[in-house]
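J.: Give me the fold of what follows.
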Amino acid sequence: GHEGSTAGEACLGCAVGFYKNFSGVGLCTECPPLSTTLANTTRNLSGCVCSAGAYRLEGVCTECPAGTYQSLLDQSACVPCEWGA
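T.: Numbers count the residues shown, from 1 in each chain. Sure thing, here's the model as predicted:
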């Protein structure tokens, strides 16, 4: 996705963490909380993936519970911490 606020203005690619799912004048939309995009110029909401420290629960990025972590993007579960390691 690209954005431009007025007709005739040069379009700029949406920054990481934003997307734009329509053509024409308009601004990029920020991904939902705890999510980001893998690159700039993302064209739709499905390009937003869960950030590190979060996991996808019923389609929504959710913060990992206490005692767990997730260092990868767009995962469906968090990993238990290894205590004393």
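
J.: CA only for contacts and neighbour counts going forward, please
T.: Fine.

J.: Find the residue closest to the residue most central in space within the chain in space, skipping its chain neighbours.
T.: Nearest residue to the geometric centre of the chain (C-alpha atoms, centre = their mean): Thr36, 1.9 Å. The shortest distance from Thr36 to any non-neighbouring residue, by C-alpha to C-alpha, 6 or more residues apart in numbering, is to Gly17 (4.1 Å).

J.: what sits against that neighbour?
T.: Neighbouring residues of Gly17 by C-alpha atoms under 8 Å, 6 or more residues apart in numbering: 30-31, 35-38, 40, 48.

J.: Now do the strands in this protein.
T.: Secondary structure of the chain (DSSP state E): strands located at 2-3, 12-13, 18-19, 29-30, 35-37, 48-50, 54-57, 60-63, 68-69, 79-80.

J.: List just the nearest of the contacts of Gly17 to Thr68.
T.: Ser35 (17.9 Å; C-alpha to C-alpha).

J.: So what's the residue count around the closest one?
T.: Neighbourhood size, Ser35 [other C-alpha atoms under 10 Å]: 25.

J.: Kindly provide the distance from it to Val25.
T.: 25 Å (C-alpha to C-alpha, to the nearest Å).

J.: Look through every helix and strand of the chain and give the one with the lowest mean pLDDT.
T.: Here the helix or strand of the chain ranked lowest by mean pLDDT, DSSP states H and E is strand 2-3, holding a mean of 58.

J.: follow-up on the earlier one: if the residue nearest to the centre of the chain is in a bridge, with which residues?
T.: When bridges are called by DSSP bridges, Thr36 pairs up with Val49.

J.: Next, work out how far apart it and Cys81 are.
T.: 24 Å.

J.: what's the answer for Cys48, then?
T.: Taken as C-alpha to C-alpha, the span from Cys48 to Cys81 is 26 Å.

J.: So for the two, which residue has more residues nearby?
T.: Cys48 (25 against 12).

J.: Name the nearest residue to that one, ignoring sequence neighbours.
T.: Thr37 (4.7 Å).
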